[in-house]
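> next input, structure requested:
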Amino acid sequence: MRKISLLQNIAIIMSEKDNVAIAKNNLKKGIILHHLRTEFKLLSNISQGHRFSITDIKKNDFVKQYGYPFGISKGIKKGQLIDKKNIDDYSSDYKKYSLKPYKSEKKCLENLTDKKFKGYLRANGRVGTRNYYLIVPTSMCASDVASKIAGMLDNDRSLKYKYKNIDGFVAATHTEGCGCNDGDIINRLMLTLKNSIIHSNVCGALIVDLGCEKTNKVVISNFLGNIREYGKPIDFITIQEVGGTVKAIYKGTKAILSRLDKVNNITREEISLKHLILGTECGASDSFSGITANPLIGKTSDKIIASGGSVILSETPEILGAEENLIKRMPSKITVKKFINGINYYKNMAKALNVSMEGNLVDANKKGGLLNVTLKSLGAILKGGSSEIVDFLDYAELIKKNGLNIMNGPGNDLESLTGIVASGSNLILFSTGLGATEGSLITPVIRITSNTKLYDKMRDDMDFNAGRLLDDNISFEKLSNELLDLVIKVASGKKTCSEQLNKRSFQIWNTGKLSL
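Coordinates of the predicted model:
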């Protein structure tokens, strides 16, 4: 008697419009599958996370996942492996768009208005989830001194015992600020540093400059404007002015110590979820990232937005090919125009440098089942949920509108995280299928695995297992509620794995660099 397997038990179909399924585990050629009252045989061995056709797909017809095309068939039989040999890549023409009214999915989310987290209410009305003292070098010439000041204070156990409401002393070291052209490069650096200084997770800042660099105290002071309006202590130390490295470290440390009694005198209070600004990120993705972790982040994003909060979606190279999906969620022509300009910025830079955007798809992605950039993007944008898109931000531009925002940023995880945080994110949801381990300098990062194998293997680095959607008899809604509960706990002070390991990344995206 031949064995017949139900397709739904061994594979996943993301949309009723799809003509492919994704294998949950390795599948052998020849097994019989039952689907929609019909039976068919697998014509190929299918590796975990890879796709096979669930119907005959005629030559030149679209190959679809998530209800959207990612390839054009060369002629594919039912049960056949989908690979680069039998499809041509496909990317939609996002310039042919029409604006239509968009209604986001807000059903069954009303009860979230009662949920709160314990955060730090700042003088400007924004809310922090952490309380860091930030040491900011204006250039690479001051980065070493800034790092030494932060290290001395952060490693002092007596300070941790005395000032328990301060999460740490951190330095935003970087490699920019001199030996470069004026204009966009300097402006982006100053914007990123400014918005990091005024961030709601920062209780005070010491700005360190060498003295003779392009981005010295005078330049950053002009960008900051009236520092009193930020409601936090901001001090300056110029290395050449005070007499060199040793004296700069001494005076910088002394300046910070004089501020600690005041910045420590703050307690967490119950705050509405409308003050959460979730940043979303994915790194080291596999085929299941767009099936478990990213949709789960998207569901949480929708819940935060329905509560009046905000979400930032970024990584422009991982939007390419999915532009149509996003544009239809933009009710404003201005937002659409900014979005298209952002996409063109990337494509034009790639063209000028003679670089292919396919570089965003690394070998590990392909091995994990991601066939092309469009397929990767269709899964990546799910982190933004289903809400309408209210604004498109430049890199590190401060968020202005509650709701779902897109920030023009790189696929490079460290540069992307830095920009998202500078834009105002006070908590990050980060999905990974292969094991990305990055953290953020001043904002907690919740790392979410797409599969249980990775979660078990890298338990010290991972906070949440979305792979349970594949393994356990658990509903999507129940798991999304668990993730929301974790978000609230972390926003209220629970340390994430990256925080416990002191993973504090800060890397600025230079305007002259094509980061994929």
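
> separation between D472 and T452?
9 Å (C-beta to C-beta, to the nearest Å). Every C-beta, even on glycine, is put in place using the N, C-alpha and C of the backbone.

> quick one: which of these two has more around it?
Shown here are D472 and T452; by other C-beta atoms under 10 Å, T452 has more neighbours (18 against 12).

> tell me the spacing between the more buried one and G435.
13 Å.

> domain map for the protein?
4-89, 132-264, 274-500 (automatic domain parsing).

> what about the shortest one, how long is it end to end?
End-to-end distance for domain 4-89, by C-alpha to C-alpha, to the nearest Å: 33 Å.

> how distant is it from the center of its chain?
Mean C-alpha position of domain 4-89 versus that of the full chain (C-alpha atoms, centre = their mean, to the nearest Å) differs by 30 Å.

> what's the answer for the last one, then?
For domain 274-500, the distance between its averaged C-alpha position and the chain's averaged C-alpha position is 4 Å (C-alpha atoms, centre = their mean).

> next, the distance between the ends of that domain.
27 Å.

> ok, back up a step: can I get the domains of the chain in TSV with mean pLDDT and distance to K116?
Formatted as TSV, the domains of the chain follow (pLDDT from 0 to 100; distance: least, C-beta to C-beta, whole Å):
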stretch	mean pLDDT	distance to K116
domain 4-89	95	34
domain 132-264	97	16
domain 274-500	95	8
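
> for N124, which of those is the nearest?
Closest to N124 of the domains of the chain, according to C-beta to C-beta: domain 132-264, at 5.8 Å.

> can you give me the strands for the stretch 1-150 of the chain?
Taking DSSP state E, counting those that start in this stretch as the criterion, the stretch 1-150 of the chain carries its strands at 4-6, 11-12, 20-23, 32-35, 38-41, 51-53, 62-65, 68-73, 87-89, 116-121, 127-128, 132-137.

> mean neighbour count, those: which tops it?
strand 132-137 (a mean of 28; mean count of other C-beta atoms under 10 Å).

> about what we covered before: turn the strands of the stretch 1-150 of the chain into a markdown table, columns for distance to I343.
Output for those, formatted as a markdown table (distance: least, C-beta to C-beta, whole Å):
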| stretch | distance to I343 |
| --- | --- |
| strand 4-6 | 41 |
| strand 11-12 | 29 |
| strand 20-23 | 26 |
| strand 32-35 | 37 |
| strand 38-41 | 39 |
| strand 51-53 | 26 |
| strand 62-65 | 21 |
| strand 68-73 | 17 |
| strand 87-89 | 17 |
| strand 116-121 | 34 |
| strand 127-128 | 32 |
| strand 132-137 | 31 |
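
> so which of those comes closest to I277?
Among the strands of the stretch 1-150 of the chain, the nearest to I277 by C-beta to C-beta is strand 127-128 (8.9 Å).

> what packs against the closest one?
If contacts are counted by 3 or more C-beta pairs under 8 Å, 6 or more residues apart in numbering; DSSP states H and E, strand 127-128 sits against strand 116-121.

> pairing partners for the strand it packs on, with directions?
Using DSSP bridges, strand 116-121 pairs in its sheet with strand 127-128 (antiparallel), strand 269-272 (antiparallel).

> now for the ones you listed, which one comes closest to T138?
Short answer: strand 127-128, nearest of the strands paired with strand 116-121 by C-beta to C-beta, at 23.5 Å.

> who are the contact partners of K29?
Residues in contact with K29 (C-beta atoms under 8 Å, 6 or more residues apart in numbering) are L42, L43, S44, N45.

> let's go with 6 Å and repeat that
L42, S44, N45 (C-beta atoms under 6 Å, 6 or more residues apart in numbering).

> contacts for whichever strand or helix holds D391, please.
In the assignment (DSSP states H and E), D391 maps to strand 389-393. With contact meaning C-beta under 6 Å, 6+ apart, strand 389-393 is reached by R329, M330, T335, K338, F339, K401, G403, L404, N405, I406, M407, S423.

> which of these are buried?
Buried members of those, counted by 16 or more other C-beta atoms under 10 Å: R329, M330, T335, K338, F339, G403, L404, N405, I406, M407, S423.

> sec struct for the third one, please.
Secondary structure, DSSP: H, G, I helix; E, B strand; the rest coil: T335 is helix.

> so what's it closest to, chain neighbours aside?
Among residues not flanking T335 along the chain, F392 sits closest, at 5.4 Å (C-beta to C-beta, 6 or more residues apart in numbering).

> and the gap between the one you found and R329?
From F392 to R329 the distance is 12 Å (C-beta to C-beta).

> G225 too?
35 Å.

> then Q500?
Distance from Q500 to R329, counting by C-beta to C-beta: 37 Å.

> then S221?
Separation of S221 from R329 (C-beta to C-beta) stands at 40 Å.

> how about N348?
24 Å.

> over to L210?
L210 is 46 Å from R329, where distance means C-beta to C-beta.

> so where do the helices sit in the stretch 101-250 of the chain?
143-154, 157-162, 184-197, 217-224, 239-242, 245-257 (DSSP state H, counting those that start in this stretch).

> buried set for the last one?
Under the neighbour-count criterion of 16+ other C-beta under 10 Å, helix 245-257 has A248, I249, K251, G252, T253, A255, I256 buried.

> now do that helix: distance to the chain's middle.
With C-alpha atoms, centre = their mean, you get 35 Å for helix 245-257.

> quick one: contacts of the next helix or strand after that helix?
Next helix or strand after helix 245-257 toward the C-terminus (DSSP H and E): helix 260-264. Identification of contacts with helix 260-264 by C-beta under 6 Å, 6+ apart yields Y163, N165, I166, C203, G204.

> before we move on, what about stretch 366-379?
For stretch 366-379, using C-beta under 6 Å, 6+ apart, the contacting residues are 49-50, 66, 68, 70, 89, 91, 286-287, 289-290, 294, 318-322, 358, 361, 433.

> after the strand holding D391, next one along is what?
Of the helices and strands lying after strand 389-393 in sequence (DSSP H and E), the nearest is strand 404-407.

> partner strands of that following strand, with direction?
Counting by DSSP bridges, the strands paired with strand 404-407 are strand 310-313 (parallel), strand 389-393 (parallel).

> the helix or strand following the first one packs against which elements?
What that stands for is strand 310-313. Next helix or strand after strand 310-313 toward the C-terminus (DSSP H and E): helix 323-327. Judged by 3 or more C-beta pairs under 6 Å, 6 or more residues apart in numbering; DSSP states H and E, helix 323-327 has no packing partners among the helices and strands.
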